[in-house]
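Asker: predicted structure and sequence below. I'll ask about it afterward.
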Protein chains: 2
Amino acid sequence: MIKKLLNLRIFTDENYKMNLSLKDVNGELLLVSQFTLYANCRDGNRPDFIRAAKPEKAEELYLYIVDKCKESGTKVETGVFREHMKVSLLNEGPITIILDSEDLKKKSNK
Amino acid sequence: MIKKLLNLRIFTDENYKMNLSLKDVNGELLLVSQFTLYANCRDGNRPDFIRAAKPEKAEELYLYIVDKCKESGTKVETGVFREHMKVSLLNEGPITIILDSEDLKKKSNK
């Protein structure tokens, strides 16, 4: 997952093709923990977060990922764990790519 | 899916519980089409977008959703279909919730 995050070729080259990784463009990372991604909205209109990890476990995992990314030599900025934040962004593209660790384990059946 | 979008109780009430829907808070919508959500990153490091709909089909669906949301009386702003944009946001929370139409069809097995 971390390898994928650092090596994914999602930045455009001179021909506007997604060809370059974070390292290729000397990019930096902003890692923000986000338990609401685990919301289950299938039943009713109020999302439930039952499947999200307990905060202690989640923080341990979050800090592990931050550490591993820093080890790779990438500059990493972080959000504040469990805090309500206002994250100001200029979302260019926009591009939103979902990496699901469960999903990455399966190889595609192409 | 559209009903879910409009009725999901993701806004906090006076007790900071997610209890209120877009209508309850007199909210507005910004709908931006985003084919990169369909990226498949399982093999290698370059995402493929083979499963994303063809642009014509996608635009039809996108406009349908915009129309239906407007019909409900909600103020809707849109992005420009197929254009590269810079979307400036103040992401409060941050909260990111994924609604997958395939996934919503299945009821949870709780």
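Answerer: Yes, it's here.
Asker: just checking, what packs against the least confident helix or strand in chain A by mean pLDDT?
Answerer: Least confident helix or strand of chain A, by mean pLDDT, DSSP states H and E, is strand A:85-93 with a mean of 76. Under the contact criterion of 3 or more C-beta pairs under 8 Å, 6 or more residues apart in numbering or on different chains; DSSP states H and E, strand A:85-93 touches strand B:85-93. Any C-beta I mention is one placed from the backbone N, CA and C, and that applies to glycine too.
Asker: list the contacts of the strand it packs on.
Answerer: Taking contacts as C-beta atoms under 8 Å, 6 or more residues apart in numbering or on different chains, the residues outside strand B:85-93 that touch it are A:36, A:84-94, B:32, B:79.
Asker: among the residues you listed, which one has the most neighbours?
Answerer: A:Pro94 (18 neighbours; other C-beta atoms under 10 Å in any protein chain shown).
Asker: look up the pLDDT of that one for me, please.
Answerer: Looking at A:Pro94, its pLDDT reads 77.
Asker: I'd assumed B:Leu37 was in contact with it.
Answerer: No. Under the criterion of C-beta atoms under 8 Å, A:Pro94 is not in contact with B:Leu37, lying 9.9 Å apart.
Asker: if we go by neighbour counts, what in the longest helix anywhere in chain A is buried?
Answerer: Assignment by DSSP state H gives helix A:55-71 as the longest helix of chain A. Neighbour-count burial for helix A:55-71 flags A:58, A:62, A:65-66, A:68-69 (criterion: 16 or more other C-beta atoms under 10 Å in any protein chain shown).
Asker: and of those residues, the nearest to chain B?
Answerer: Lowest distance from chain B to those (C-beta to the nearest C-beta) belongs to A:Tyr62, with 13.9 Å.
Asker: please list all residues in contact with that closest one.
Answerer: If you count contacts by C-beta under 8 Å, 6+ apart, A:Tyr62 has them with A:31, A:33, A:81.
Asker: how would you label the spatially closest residue to A:Phe35 that is not a sequence neighbour: helix, strand or coil?
Answerer: Leaving aside its sequence neighbours, A:Phe35 sits nearest to A:Ala52 (C-beta to C-beta, 6 or more residues apart in numbering or on different chains; 4.3 Å). When classified by DSSP: H, G, I helix; E, B strand; the rest coil, A:Ala52 comes out as coil.
Asker: what about A:Ala52, how many residues nearby?
Answerer: 16.
Asker: so who does it touch?
Answerer: A:35, A:38, A:58.
Asker: can you do 10 Å?
Answerer: A:34-40, A:58 (C-beta atoms under 10 Å, 6 or more residues apart in numbering or on different chains).
Asker: please indicate which of these are buried?
Answerer: Buried by 16+ other C-beta under 10 Å: A:34-36, A:38-39, A:58, out of the contacts of A:Ala52.
Asker: how about those in TSV, adding distance to A:Ile98 and secondary structure?
Answerer: Formatted as TSV, the buried ones among the contacts of A:Ala52 follow (distance: C-beta to C-beta, whole Å; DSSP: H, G, I helix; E, B strand; the rest coil):
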residue	distance to A:Ile98	secondary structure
A:Gln34	12	coil
A:Phe35	15	helix
A:Thr36	14	helix
A:Tyr38	12	helix
A:Ala39	13	coil
A:Ala58	18	helix
